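K.L.:
got a predicted structure here, sequence first:
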Amino acid sequence: MNLTWIPRALGLATAAYSVSVLRRPSVFLRPTGLATGEPSMALATTARAVAGRDLVSGLVMAFAPAGSGLRAAIAIRVGCDASDTVLFSAMLRGPERTKSVAVAAGWGLLCGLSALTARSR
């Protein structure tokens with residue numbers, strides 16, 4: 001049974017979220033506590049940069065060929081989430097930190113586990 005749809009769906013979900021952040025950076029900034037109102041140009045630019053990275057990694061995960069290509073794409077996605085986890089843990093404070101770390105680490109773990117389904121036929 002071919003289950004490569006699992007990492008591909010996670011990649012598409014990542015890409016969809018990224019598009020929403022590219023359009024409205026507050027989608028990312030408010031839950032992290034980095035902005036409560038309209039974000040500054042600097043924060044919006046930073047959020048869009050992260051969203052651009054995630055859009056690319058999500059699309060590659062969604063469309064990479066099964067086997068080693070898909071596993072490499074998943075590894076890149078997991079690396080991005082691991083980086084976010086470390087940075088959120090070090091830089092954020094309060095309940096936003098706990099939520100942000102949990103989301104980044106949880107998504108990275110979910111994507112990592114999806115590598116088990118990434119074999120070619």
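P.N.:
Thanks, I have the structure now.
K.L.:
helix, strand or coil for residue 119?
P.N.:
Per DSSP: H, G, I helix; E, B strand; the rest coil, the local secondary structure of residue 119 is coil.
K.L.:
how far away is it from residue 36?
P.N.:
45 Å (CB to CB, to the nearest Å). Backbone N, C-alpha and C define where each C-beta goes, glycine included.
K.L.:
those two: who's more crowded?
P.N.:
residue 119 (14 against 9; other CB atoms under 10 Å).
K.L.:
thinking the more buried one is in contact with residue 66, fair?
P.N.:
Yes. Using CB atoms under 8 Å, residue 119 makes contact with residue 66 at a distance of 6.7 Å.
K.L.:
just the pLDDT for residue 3.
P.N.:
With respect to pLDDT, residue 3 scores 89.
K.L.:
now do the buried residues in stretch 106-118.
P.N.:
107-108, 110-112, 114-115, 117-118 (16 or more other CB atoms under 10 Å).
K.L.:
repeat for stretch 7-27
P.N.:
7-8, 10-15, 17-18, 21-22, 25-27.
K.L.:
again, but for stretch 83-97
P.N.:
In stretch 83-97, the ones that count as buried by 16+ other CB under 10 Å are 84-85, 88, 92, 97.
K.L.:
would you turn those into TSV with pLDDT?
P.N.:
Output for the buried residues of stretch 83-97, formatted as TSV (pLDDT from 0 to 100):
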residue	pLDDT
84	97
85	98
88	97
92	95
97	96
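K.L.:
if we can go back for a sec, shared neighbours, residue 119 and residue 66?
P.N.:
Residues touching both residue 119 and residue 66 by CB atoms under 8 Å, 6 or more residues apart in numbering: residue 4.
K.L.:
hang on, residue 53 packs against residue 80?
P.N.:
Yes. Assessed by CB under 8 Å, residue 53 is found in contact with residue 80 at 6.3 Å.
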